[in-house]
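In: generate a structure from the sequence data that follows.
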Amino acid sequence: MSKRSNYILFSLILISLSCNRASRTFIPAAQIPVENTPVILPSAQDSSTVSPAAAYKDFLEDYIINKGSIGPIRIGMTIRQADSLLTAFKKQDALAVDFGFGGGSPAFIYSYEDQPVLALVQALNTKKIFALVAISEHLKTTNEVRPQMTVEELLSIYPGMLFYQDIMNNWEYAEDPLNNWSFVFITDKKSMIGTYPVAEKPSRPKNMTARNAWITIQ
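Out: Residues are numbered from 1 along each chain as shown. Have a look, this model is predicted:
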């Protein structure tokens, strides 16, 4: 074999080795642009990339609504800590009052492909999470409670559930006091769930088709 042939063969081997090394390179999720590119969820255990749709599905499977938490996102965590776990989502500024909390503190909505998934409410004058808001219907509890359920569906899980009128926020809500969850319903006079002749007194539901807007976790 000529010297030129040996040189070409050696060059091809180097190129092959370089490609093999490159295929095994792990790119941290935080360094991958969200839009139109594969993403790696923070919970991933290997270096393989997945499509945005598959990443979203994996996220929803891991982020179960629990008492005081949605997956690893929990009350008392800082916003910065939560952001490090939500790199695949678009973050939008909001206000705590948007979710029924006074005081003027900020809130943050996290969306995927322009669909809101969850929100975090920051405690006033701190960087810590005061409340969580589950918005996507794909976020569920272990017993299949989720946002966007109808009153009728909720009653199948909470048979004795009562409803309250929030005059200040112009909505209705129901509660799971054991887990400190509130089910918020955005209604009007035509779609009102209960009847409230006495202020601050709960009502049995009359409208079974009203749909839950979100679940607040405190």
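
In: so what's the spatially most central residue of the chain up against?
Out: Geometric centre of the chain, nearest residue: Leu118, 3.4 Å, by CA atoms, centre = their mean. With contacts defined as CB atoms under 8 Å, 6 or more residues apart in numbering, Leu118 is in contact with 63, 70, 73, 109-110, 132-136, 139. Backbone N, C-alpha and C define where each C-beta goes, glycine included.

In: hmm, try it at 10 Å
Out: Leu118 makes contact with 63, 65, 70-71, 73, 82, 86, 89, 108-112, 132-136, 139, 147, 214-215, 217, according to CB atoms under 10 Å, 6 or more residues apart in numbering.

In: in helices only, show me those.
Out: When DSSP state H is applied, those are split such that Ala82 fall in helices.

In: thinking again about what came up before, assign the residue nearest to the centre of the chain to helix, strand or coil.
Out: Following DSSP: H, G, I helix; E, B strand; the rest coil, the label given to Leu118 is strand.

In: partners of it in the sheet?
Out: Tyr110, Ala134 (DSSP bridges).

In: quick check, pLDDT for it.
Out: Model confidence at Leu118, given as pLDDT, is 96.

In: now do the strands in this structure.
Out: Remark: strands assigned in the chain by DSSP state E are 65-66, 69-70, 73-74, 90-95, 106-112, 115-122, 129-134, 164-166, 171-176, 181-185, 214-217.

In: please pick the buried ones from the contacts of Leu118.
Out: Among the contacts of Leu118, the ones that count as buried by 16 or more other CB atoms under 10 Å are 63, 65, 70-71, 73, 82, 86, 89, 108-112, 132-136, 139, 147, 214-215, 217.

In: care to break this protein down by domain?
Out: For the chain, the structural domains run 31-134, 151-217, going by automatic domain parsing.

In: distance from the last one to the middle of the chain?
Out: Distance, stretch centre to chain centre, for domain 151-217: 22 Å (CA atoms, centre = their mean, to the nearest Å).

In: same deal with stretch 208-218?
Out: Offset of stretch 208-218 from its chain centre (CA atoms, centre = their mean): 15 Å.

In: burial of Ala96, as a residue count?
Out: Using other CB atoms under 10 Å, the number of residues around Ala96 comes to 20.

In: next one: Ile157
Out: When neighbours are defined as other CB under 10 Å, Ile157 has 13 of them.
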